[in-house]
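K.L.:
please find the sequence and the predicted model below.
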Amino acid sequence: MQPTGPYLGSGTDAESQQRFSDGADGDDNDGWYGNDEDGVSIPDAGIATAPGQQYTTNVRCGGRGAVAGWIDWNHNGTFDTGEKSNEAPCASGQAQLSWTVPADVVRSVDGEDGSGSATYMRLRITADKNGNGQKPVGGTATGEVEDYRVAVRVPTLQLVKNVDNKYATAEVAGLGADQWTLTGGAGAYTATGNGTTGGPTVVRTGNNDLSETTANPAGAGYEMGQWSCQEAPGTVGENYSSSLNGATRDGRAQLQVRGTDRVLCTITNTAKPGSLTWNKVDSDGITPLAGTTWTLTGPSMPRNATVEDCPAGPCPTQPYKDQDPAPGSFAIKDLKWGTYTVRETSAPVGYQVNLQAYTFPQIAPASLEATLNAAVVNERKTGSLTWKK
């Protein structure tokens with residue numbers, strides 16, 4: 001339509017009523033003036049930015065008036081007051097609009113898992129009140145309104161905790177991932193949660209700290225893993241380049257977030273094995289006694305598991321074998337969590353077999369080493385003399 005007042009782009013489309021549509025193109029498809037949303041050129045990939053940054057665009061315009069714009073950054077379906085740009089006079093065929101991207105900006109990309117669908121931009125030009133005090137809605141005697149459906153790309157971070165409970169048993173269960181608190185980000189742009197931070201959280205580019213902590217004493221029974229980061233599954237149209245700055249130490253690492261990447265970081269903690277120790281002594285209660293054999297029972301143990309004293313190294317490395325090369329000293333390693341019992345099955349020549357069953361304190365994540373508090377004693381056999389006269 002031939003412009004008769006201030007306008008956006010190359011022409012104006014006066015609208016006597018609101019024509020809503022998901023694509024912000026209801027007025028283009030009403031059979032009147034076609035698509036005249038040509039005031040601004042938006043890249044196919046949308047707006048690439050980050051919270052706290054300035055987003056600036058040039059708007060093509062004509063006539064005497066001022067241009068203002070709104071972007072629904074927080075994707076709440078409303079053009080809020082804080083989502084308005086500056087009001088710029090149309091001069092030499094253009095006006096420059098700038099927004100400060102708010103902290104509550106939402107990543108809005110059609111078809112992307114975990115992100116909102118595309119959001120909306122509105123541009124207005126008017127000469128009413130010299131273009132001052134414009135609002136996103138309401139009528140105007142002069143000017144034009146153009147709406148755009150736009151993607152907004154901002155960097156996001158998502159953290160997930162995994163736990164390998166390889167030594168847990170029906171008797172002693174392992175910890176769940178929710179027993180660890182995960183934290184990632186920098187300053188006010190931080191994601192945190194137990195076991196996971198949930199969906200993607202908007203962060204800023206640059207260095208972002210990652211950490212995991214637990215207040216559960218049983219957490220000591222787990223080996224901390226290494227953070228691993230990758231592009232979040234379901235991401236659309238990104239050229240991922242973020243990376244970790246070095247190795248993980250004590251559950252902490254640093255992530256370099258680049259561009260508008262969607263980053264998913266995971267860390268896996270692995271259960272530590274338990275161990276048993278006990279000592280065998282002579283009848284004096286002090287002197288170590290070598291050469292005994294035992295039956296060991298406990299969680300997931302094979303039937304009749306036999307433990308023989310290893311009096312000198314190297315000791316056998318098979319499961320349930322004595323790993324302590326000192327005579328009379330026993331150490332069984334790589335055990336699942338739970339309660340174990342030993343019973344002596346053979347003793348050195350000249351000693352009585354100790355028939356008592358000895359039960360160890362329970363192996364659990366907070367107490368992985370179980371030891372018999374007292375040494376096990378073998379009594380010497382008595383001798384006899386016979387003679388004839």
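P.N.:
Arrived safely. These figures come from a predicted structure and were not determined experimentally.

K.L.:
below-threshold pLDDT in the protein: ranges please.
P.N.:
The model of the chain has pLDDT under 70 over residues 1-4, 13-35.

K.L.:
now do the same contact list for the residue nearest to the spatial centre of it.
P.N.:
Residue closest to the mean C-alpha point of the chain, counted by Cα atoms, centre = their mean, is Leu159 at 1.1 Å. Listed by Cβ atoms under 8 Å, 6 or more residues apart in numbering, the contact partners of Leu159 are 182-184, 191, 193, 196-197, 210, 264-267. C-betas here are computed from N, CA, C, even on glycine.

K.L.:
one more time with 6 Å, if that's ok
P.N.:
For Leu159, the contact set (Cβ atoms under 6 Å, 6 or more residues apart in numbering) comprises 182, 184, 197, 265.

K.L.:
restricted to helices, list those residues.
P.N.:
Assigned to helices by DSSP state H, none of the contacts of Leu159 qualify.

K.L.:
between the residues you listed, which has the most around it?
P.N.:
The most crowded member of the contacts of Leu159, judged by other Cβ atoms under 10 Å, is Gly184 (27 neighbours).

K.L.:
that one pairs with what?
P.N.:
Note on Gly184: beta-bridge partners Ala191, Leu210, judged by DSSP bridges.

K.L.:
does it touch Thr196 like I think?
P.N.:
No. Here Gly184 lies out of contact with Thr196, judged by Cβ atoms under 6 Å, at a distance of 11.0 Å.

K.L.:
need the residues touching each of the two.
P.N.:
In terms of Cβ under 6 Å, 6+ apart, Gly184 and Thr196 are not both contacted by any residue.

K.L.:
coming back round to it: sort out which one of the contacts of Leu159 lies nearest Tyr320 for me.
P.N.:
Leu182 (37.1 Å; Cβ to Cβ).

K.L.:
disregarding residues adjacent in the polypeptide, which is nearest to the closest one?
P.N.:
Leu159 (4.2 Å; Cβ to Cβ, 6 or more residues apart in numbering).

K.L.:
name the SS class of the one you found, please.
P.N.:
strand (DSSP: H, G, I helix; E, B strand; the rest coil).

K.L.:
ok, the one 4 residues further on next?
P.N.:
The three-state label given to Val163 by three-state DSSP is strand.

K.L.:
show me the beta-bridge partners of it.
P.N.:
Beta-bridge partners recorded for Val163 (DSSP bridges): Asn269.

K.L.:
does it touch Asp178 like I think?
P.N.:
No. Counting by Cβ under 6 Å, Val163 stays clear of Asp178, with 9.6 Å between them.

K.L.:
who has more neighbours, the two?
P.N.:
Ranked by neighbour count (other Cβ under 10 Å), Val163 and Asp178 place Val163 first, with 21 against 13.

K.L.:
ok, now how distant is that one from Leu368?
P.N.:
Look at Val163 and Leu368: by Cβ to Cβ, to the nearest Å, they are 16 Å apart.

K.L.:
check Trp73 too.
P.N.:
For Trp73, the distance to Leu368 (Cβ to Cβ) stands at 51 Å.

K.L.:
the more surrounded of those two?
P.N.:
Trp73 (27 against 17).

K.L.:
for that one, which non-adjacent residue is spatially closest?
P.N.:
In space, Trp73 is closest to Val105, 4.4 Å off (Cβ to Cβ, 6+ apart).
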